[in-house]
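Engineer: sequence? don't have it. structure:
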DNA sequence: GTAAAAAGTTAAGCATACTTAACTTAATAA
DNA sequence: TTATTAAGTTAAGTATGCTTAACTTTTTAC
Ligand SMILES: [Mn+2]
Ligand SMILES: [Mn+2]
Ligand SMILES: [Mn+2]
Ligand SMILES: [Mn+2]
């Protein structure tokens, strides 16, 4: 049986697999703020239920069925985020935590109504693709992270990593919003920081921050 | 600490106390679909935490602090119901079960935004009063249940008991909606059923149904 | 190639919220 | 008033999902 915890585990594994990373015990533990031991425990259960494939010491990977559940949760999460912003005027930095809970407590019928309200969007307000009802996943436009840009070029933000509220607050405060345009002024190989100009204001971004911002180049 | 279960228990106790009934073990057990033993267990904990006063074999009553939590949950429940109907066009017979879960998983800020979206309503779509943010409770207009009406008079529905989805479906199908007008055609003392005319269609309502519908007389 | 560090697992235990079965208290009906 | 029934409580046990501590495996640095 799928529970709230299991949904969160499956989603976390999915998001790790997705960016090419191996879903290792400690990475998932860190994301979910539980001990490594809790992950080992759960890995056994999920594996037993056929939702992940798991080999001791070798990380976790979703099975087709596990991925189906993960996508369903992700869909709910991103639709809720979109809806809270559109219908209630919440800001993009406060909806993630809310959606983290609501994603586990809404009926299919409610989610479909939200989807319809939003005219079946392909992307959420952070630029993330919203899994479709039929299980497909909208194509993600090609992007690079801000840590890979070249000095002198101009880029547009098309996706940000919304997992951390503090980061989202920072981005909001500094006008680093979805679709914002920015010019890369400088890159320091010393600490891999990037200096960008947004709205004619310069801003130095640490490596960790720049890796959470995805852009496309503007000609 | 308050948990989902505790919130549900406190709300159930509140709703029983509210209609004058003693919140007895088996009544609350029945409402929450758990065993009597579970109620006895929880009663001890809630009492320990100062949320209810409880004397063995004598039922439960909320303390001031317990009532505060119950009202907070009730507020969330009824605001969610109102919002789902208003914003997403859900029908009044499908929102209760949804709200039963959402009431435990929304931040204060989200609830306040829903409240504002709805222009701070006093009553929900079933005619139930919505507790205010400050803890007050809108005055409930005087009403009698359909089981107490007099033959020949005309009444208007101002509140219904929404706890049971099957009942709600029935009411919807028979046009027994909020603000519907009805004429009382007959009452059978044999089974305490009531015959009413709505939209020129006659309808016989069992005692149990008539006790879930609250009306005011129309001159 | 080995030793130290990092990552992962296992074992034991805990809290919550239930269950069923056995028992106790209260209500009721003759 | 007493005995039967209904209601409520207690005790023992279960499932879930965590924790910490001890141990094992893998990775890394030299
Ligand atoms: Mn999110
Ligand atoms: Mn979640
Ligand atoms: Mn309701
Ligand atoms: Mn509830």
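Structural biologist: Great, that's in hand. Everything numeric in this text was worked out from a predicted model, so none of it was measured. Numbering: from 1, shown residues only, chains lettered A, B, ... in the order given. Ligands and ions are numbered 1, 2, ... in the order given.

Engineer: Over stretch A:111-125, what's the mean pLDDT, rounded is fine.
Structural biologist: For stretch A:111-125, mean pLDDT rounds to 98.

Engineer: Domains of chain A: list them as residue ranges, please.
Structural biologist: Chain A breaks down by automatic domain parsing into domains covering A:4-62, A:75-140, A:144-217.

Engineer: out of those domains, which comes closest to residue B:74?
Structural biologist: domain A:75-140 (17.6 Å; C-beta to C-beta). C-beta coordinates here come from the backbone N, C-alpha and C atoms, glycine included.

Engineer: can you pull out the strands in chain A?
Structural biologist: Assigned by DSSP state E, chain A shows strands spanning A:52-54, A:60-62, A:144-145, A:154-160, A:181-188, A:193-198, A:201-205, A:213-218.

Engineer: any chance of those in TSV, plus mean pLDDT and mean neighbour count?
Structural biologist: TSV is the format used below for the strands of chain A (pLDDT from 0 to 100; neighbours: other C-beta atoms under 10 Å in any protein chain shown):
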stretch	mean pLDDT	mean neighbour count
strand A:52-54	97	21
strand A:60-62	97	22
strand A:144-145	94	15
strand A:154-160	96	20
strand A:181-188	95	16
strand A:193-198	94	19
strand A:201-205	93	15
strand A:213-218	95	19
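
Engineer: want to try a markdown table for those, with distance to DNA strand C as columns?
Structural biologist: Shown next, in a markdown table, are the strands of chain A (distance: least, C-beta to the nearest atom of the strand, whole Å):
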| stretch | distance to DNA strand C |
| --- | --- |
| strand A:52-54 | 7 |
| strand A:60-62 | 8 |
| strand A:144-145 | 22 |
| strand A:154-160 | 26 |
| strand A:181-188 | 26 |
| strand A:193-198 | 24 |
| strand A:201-205 | 25 |
| strand A:213-218 | 25 |
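
Engineer: of all the ones you listed, which lies closest to residue B:78?
Structural biologist: So among the strands of chain A, strand A:154-160 is nearest, using C-beta to C-beta, at 35.6 Å.

Engineer: Just want the most central residue of chain A.
Structural biologist: Nearest to the geometric centre of chain A sits residue A:161, at 5.1 Å (C-alpha atoms, centre = their mean).

Engineer: With adjacent residues omitted, what lies nearest to it?
Structural biologist: Among residues not flanking residue A:161 along the chain, residue A:212 sits closest, at 3.9 Å (C-beta to C-beta, 6 or more residues apart in numbering or on different chains).

Engineer: if we can go back for a sec, the domains of chain A: lowest mean pLDDT?
Structural biologist: Among the domains of chain A, domain A:144-217 scores lowest, at a mean of 93.

Engineer: can you tell me how far residue A:179 sits from ligand 1?
Structural biologist: Distance, residue A:179 to ligand 1, by C-beta to the ion, to the nearest Å: 18 Å.

Engineer: Within range of DNA strand C, give me the residues from chain A.
Structural biologist: When proximity is defined by C-beta under 7 Å from any atom of the strand, chain A lies next to DNA strand C at A:24-27, A:29, A:36-37, A:39-41, A:43-44, A:54, A:56-57, A:59.

Engineer: Would you list the buried entries among those?
Structural biologist: A:24-25, A:27, A:29, A:39, A:43, A:54, A:59 (16 or more other C-beta atoms under 10 Å in any protein chain shown).

Engineer: Out of those residues, flag the one nearest to residue A:149.
Structural biologist: residue A:27 (25.8 Å).

Engineer: wait, what's in contact with that closest one?
Structural biologist: Neighbour list for residue A:27: A:16, A:21 [criterion: C-beta atoms under 8 Å, 6 or more residues apart in numbering or on different chains].

Engineer: and residue A:191, how many residues sit next to it?
Structural biologist: Using other C-beta atoms under 10 Å in any protein chain shown, residue A:191 is surrounded by 9 other residues.

Engineer: check contacts around it.
Structural biologist: A:206-207.

Engineer: how near is it to residue A:204?
Structural biologist: Going from residue A:191 to residue A:204 by C-beta to C-beta, to the nearest Å gives 10 Å.

Engineer: Kindly report the same for residue A:172.
Structural biologist: In terms of C-beta to C-beta, residue A:172 sits 17 Å off from residue A:204.

Engineer: Show me what the longest helix along chain A is packed up against.
Structural biologist: Assignment by DSSP state H gives helix A:64-88 as the longest helix of chain A. On a contact count with 3 or more C-beta pairs under 8 Å, 6 or more residues apart in numbering or on different chains; DSSP states H and E, helix A:64-88 meets helix A:4-18, helix A:95-102, helix A:108-117, helix B:108-117.

Engineer: Let's have those helices in a markdown table, adding mean neighbour count.
Structural biologist: Output for the helices and strands packed on helix A:64-88, formatted as a markdown table (neighbours: other C-beta atoms under 10 Å in any protein chain shown):
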| stretch | mean neighbour count |
| --- | --- |
| helix A:4-18 | 20 |
| helix A:95-102 | 20 |
| helix A:108-117 | 17 |
| helix B:108-117 | 17 |
